[in-house]
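Enquirer: just to be clear, the model below is a prediction. Sequence and coordinates:
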Amino acid sequence: MQRVLGEALHRRHISEKSTLQEAADAYLRLRSLGAKPYDDVLSCLNRLSPSYELGIVTNGLAAMQQPKIEAAGLAG
């Protein structure tokens, strides 16, 4: 992720490492706050859970996904 942010900042002639770190920190902070399920998701999952084993599949590291899962109210 920092490589991509670094390239984007470089294209805008911004090369300070502190700016790169600030951008990376802001991205991670805001990304974890953006996970919001549809209104009926939790009630649907609650109805399904007695009959099915439920889980979440992602392509990311658990340490990065867990805050998003918690912010969405899906941790359990």
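Expert: Thanks, I have the structure now.
Enquirer: flag the shaky bits of the chain, pLDDT-wise.
Expert: 1, 32-35 (pLDDT under 70).
Enquirer: that one: helices as residue ranges?
Expert: Listed in chain order, the helices found in the chain under DSSP state H are 2-11, 17-33, 41-48, 62-71.
Enquirer: CA atoms only: put the third one into PDB for me.
Expert: Think helix 41-48. As requested, C-alpha coordinates have been extracted for helix 41-48 and formatted as PDB (Å, rounded to 0.1, in the frame of the first residue of the first chain):
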ATOM      1  CA  VAL A  41     -27.600  -7.900   7.400                       C
ATOM      2  CA  LEU A  42     -27.300  -8.500  11.200                       C
ATOM      3  CA  SER A  43     -30.900  -9.700  11.500                       C
ATOM      4  CA  CYS A  44     -30.400 -12.000   8.500                       C
ATOM      5  CA  LEU A  45     -27.200 -13.500  10.000                       C
ATOM      6  CA  ASN A  46     -28.900 -14.000  13.300                       C
ATOM      7  CA  ARG A  47     -31.700 -16.000  11.500                       C
ATOM      8  CA  LEU A  48     -29.100 -18.100   9.600                       C
END
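Enquirer: kindly provide the distance from the residue lying closest to Ile69 once chain neighbours are set aside to Gln66.
Expert: Counting by CB to CB, 6 or more residues apart in numbering, Ile69 lies nearest to Ala75, which is 5.2 Å off, once chain neighbours are set aside. Just so you know, the C-beta spots here come from the backbone N, C-alpha and C atoms, and that holds for glycine as well. Separation of Ala75 from Gln66 (CB to CB, to the nearest Å): 7 Å.
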